[in-house]
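Asker: here you go, sequence then predicted model.
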Amino acid sequence: MSATVCVLASGSKGNCTYLSDGNTHLLIDAGISCRRVEEGLSKLGRTIGDIDAILLTHEHIDHTYGLVTIERRYHTTVLANRATAAGVDARLSTQISQFCRPDFDTGFRVGGVYIMPFRTMHDAACSVGYTFVMGGHRLSYVTDLGVVTDGVRQNVSGSELVILESNHDLQMLATGSYPPDLQARIRSDKGHLSNAQSAAFAAELAATGTKHFVLAHLSEENNTPALALQAAKESVFARLGVNDVLWTVASQNAASEVIEL
Ligand SMILES: [Zn+2]
Ligand SMILES: [Zn+2]
């Protein structure tokens, strides 16, 4: 029994992550072009035709950009809550809502994978994160978090691997090129998690047993992989004094390493 994870792309220009237990193959979001998804999967020995379902976190274009083309070519099952599906339809002029699951607020299975969606605070119709139990492992995906709520905490705690947003360095955001209203949106409880917020949450999670973090949804304008990594590592070390946690930083332009649990 195993679980395989590869973040094909992550950031404000497009997000897509592949997960598999060897039998069931899933994508989280499809915010990059169909061609890039095809290329990313082919390096893993897979095609979009192998994908059992695409799970959406929310309707923003950096999470849904490739969806229309993928649907036209492959008719892959798309799973989203009703509000997100309606949001996708409105944004992309599609009928994705025909695939939505009315019972999306409770856990469900796709093949051998148990999937638990949970609400996140973000300025979308009904954004969610996910916790998966697959191949005997528990892992979580949480990006586009304005803030870490108790609900997020409860759902993510105890996961062996966490794909966690570390969007911006506060100093870079404050002194960068973004106008004040956009800065305020990013910093707000409905925006994105800063390195400092992400680092504090990573320390909490490491104390619950998380062994591997994939820092994700880094801003290309307002962050660097080195800053995100430094903040998270220092926070975990300060809390636990351990350095056996594994770290990966997901990128906008290249797929991550293939992580095998
Ligand atoms: Zn996003
Ligand atoms: Zn978003």
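Answerer: Cool, got the structure. Ligands and ions are numbered 1, 2, ... in the order given.

Asker: please save the CA atoms from the top helix by length along the chain in PDB.
Answerer: As assigned by DSSP state H, the longest helix anywhere in the chain is helix 225-240. Extracted in PDB, the C-alpha atoms of helix 225-240 (Å, rounded to 0.1, in the frame of the first residue of the first chain):
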ATOM      1  CA  PRO A 225      11.100  29.600  -1.900                       C
ATOM      2  CA  ALA A 226      14.100  30.300   0.400                       C
ATOM      3  CA  LEU A 227      12.100  32.700   2.600                       C
ATOM      4  CA  ALA A 228       9.100  30.400   2.800                       C
ATOM      5  CA  LEU A 229      11.300  27.400   3.700                       C
ATOM      6  CA  GLN A 230      13.400  29.300   6.200                       C
ATOM      7  CA  ALA A 231      10.300  30.600   8.100                       C
ATOM      8  CA  ALA A 232       8.700  27.100   8.200                       C
ATOM      9  CA  LYS A 233      11.900  25.200   9.200                       C
ATOM     10  CA  GLU A 234      12.700  27.700  12.000                       C
ATOM     11  CA  SER A 235       9.200  27.600  13.400                       C
ATOM     12  CA  VAL A 236       9.100  23.800  13.500                       C
ATOM     13  CA  PHE A 237      12.600  23.600  15.000                       C
ATOM     14  CA  ALA A 238      11.700  26.300  17.600                       C
ATOM     15  CA  ARG A 239       8.600  24.400  18.700                       C
ATOM     16  CA  LEU A 240       9.900  20.800  18.600                       C
END
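
Asker: now do the contacts for the closest residue to K13 other than its chain neighbours.
Answerer: Nearest-residue entry for K13: Q252, 5.5 Å, with adjacent residues in sequence omitted and distances by Cβ to Cβ, 6 or more residues apart in numbering. The way it works is simple: take the backbone N, C-alpha and C, and place the C-beta from them, glycine included. Q252 sits next to 9-14, 218, 220 when contact means Cβ atoms under 8 Å, 6 or more residues apart in numbering.

Asker: same question for D244.
Answerer: Contacts of D244 by Cβ under 8 Å, 6+ apart are K211.

Asker: give me the element it is part of.
Answerer: According to DSSP states H and E, D244 maps onto no helix or strand at all.
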